[in-house]
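# Generate a structure from the sequence data that follows.
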Amino acid sequence: MTLILRRREGTTVTPESAGWSYLSFRIVSGVVEASTADEELCLVPLSGGCLVSAGGTDWELGGRASVFAGMPWALYLPRETPYRLEADGEVAICAARCERRREPRLIRPEDVEVEVRGAGNATRQINHIVKPDFPAERLLVVEVFTPAGNWSSYPPHKHDVDAPPGEVVLEETYYYRTDGFAVQRLYSPERGVDLTETVRDGDLMLVPWGYHATCAAHGYDLYYLNALAGDRRSMASSDDPELAWIRSSWEHLEPDPRVPLVS
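Sure thing, here's the model as predicted:
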């Protein structure tokens, strides 16, 4: 299984290419005419805005010059929905196979819940776009801003065992934007895998299993867009037991004052 896709190679993921059950991801621009088919979609403009037409309704998603320039707009489209997308920048299409058809929903910047997570140099900003309580079947979407030099998705955690409420199984992708680079670690003692990758602007990491954590290089803020999908409406995960103690250390630290990076 290929776990890291470089921008120059194309960052399109399907359940077939990833070897998992539900999650798809791709970046598009210009005009796209397609159908959601058996997937529910969340369209997230990364630069510029877009116009989406589906089922006799038009939605205009306001733009941002880049992911670091403003809060996101997004649009949820249900399965079995033909649509036309006209974008003047890049749009991420996060998708998951599902069984039930729901209703389209526009997500405005003011609808996005901002969470400051962690403390010290493990502080980051979470923008919740499609949360577990959102009326979707499987798809979950968040974007994360990590200040230069900070750790993110930390302590390392995993979501590959169905043991609710403490942990659920989730397929996940990380799509990165940065002017510099970051370091992504993915490891699974059970599978004999310990991968550390340098990731740059436009790269994509697949997380089918295992503990994972990220660190932004000094001097370069980091953005990543997470798409997730599973059988449960939950984002519950388990920390690496050797590093779980780190959470208690945050009680004595202040959040990084640079966060939120975008508001």
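
# ok, what's across the strand from residue 238?
residue 158 (DSSP bridges).

# ranges for the strands of the stretch 1-150 of the chain?
Using DSSP state E, counting those that start in this stretch, the strands of the stretch 1-150 of the chain run over 4-5, 23-35, 39-45, 48-54, 57-64, 74-77, 82-97, 105-107, 113-117, 124-130, 139-146.

# what's the closest of those to residue 163?
For the strands of the stretch 1-150 of the chain, the distance to residue 163 is smallest for strand 139-146, at 18.0 Å, taking CB to CB. Backbone N, C-alpha and C define where each C-beta goes, glycine included.

# Please report the distance of residue 96 from residue 74.
In this structure, residue 96 and residue 74 are 14 Å apart, going by CB to CB, to the nearest Å.

# If you could redo that for residue 35, that was the one I meant.
Note on residue 35: its distance to residue 74, by CB to CB, is 19 Å.

# How about residue 131?
Distance from residue 131 to residue 74, counting by CB to CB: 12 Å.

# who has more neighbours, the two?
For residue 131 versus residue 74, neighbours defined as other CB atoms under 10 Å are more numerous around residue 74 (25 against 14).

# Residue 83: neighbouring residues, count only.
Residue neighbour count, defined by other CB under 10 Å, stands at 20 for residue 83.

# swap that for residue 254, please
Residue 254 has 9 nearby residues by other CB under 10 Å.

# tell me the SS of it?
coil (DSSP: H, G, I helix; E, B strand; the rest coil).

# wait, what's in contact with it?
By CB atoms under 8 Å, 6 or more residues apart in numbering, the contact list for residue 254 reads 119, 120.

# Then residue 222?
Taking CB under 8 Å, 6+ apart, we find residue 222 in contact with 145, 146, 148, 152, 176, 177, 178, 182, 214, 216.

# Using a markdown table, lay out these together with distance to residue 15 and pLDDT.
Formatted as a markdown table, those follow (distance: CB to CB, whole Å; pLDDT from 0 to 100):
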| residue | distance to residue 15 | pLDDT |
| --- | --- | --- |
| 145 | 28 | 98 |
| 146 | 28 | 98 |
| 148 | 35 | 98 |
| 152 | 26 | 98 |
| 176 | 22 | 98 |
| 177 | 24 | 98 |
| 178 | 28 | 98 |
| 182 | 26 | 98 |
| 214 | 24 | 98 |
| 216 | 30 | 98 |
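
# Inside strands: which ones of these?
145, 146, 152, 176, 177, 182, 214, 216 (DSSP state E).

# What is the burial count for the closest residue to the second one other than its chain neighbours?
Take residue 146 and drop its neighbours on the chain: the residue closest to it by CB to CB, 6 or more residues apart in numbering is residue 152, 3.9 Å away. Burial measure for residue 152: 24 neighbouring residues, criterion other CB under 10 Å.

# Report the beta-bridge partner residues of residue 152.
Going by DSSP bridges, residue 152 is paired in beta bridges with residue 214.

# Return the residues in contact with it.
118, 122, 124, 144, 146, 213, 214, 215, 216, 222, 224.

# Can I get the strands of the stretch 1-150 of the chain in TSV including distance to residue 201?
Below are those laid out as TSV (distance: least, CB to CB, whole Å):
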stretch	distance to residue 201
strand 4-5	13
strand 23-35	12
strand 39-45	16
strand 48-54	16
strand 57-64	16
strand 74-77	21
strand 82-97	11
strand 105-107	25
strand 113-117	23
strand 124-130	18
strand 139-146	14
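
# so which of the ones you listed gets nearest residue 253?
Evaluated over those, closeness to residue 253 peaks at strand 113-117, with 12.5 Å, by CB to CB.
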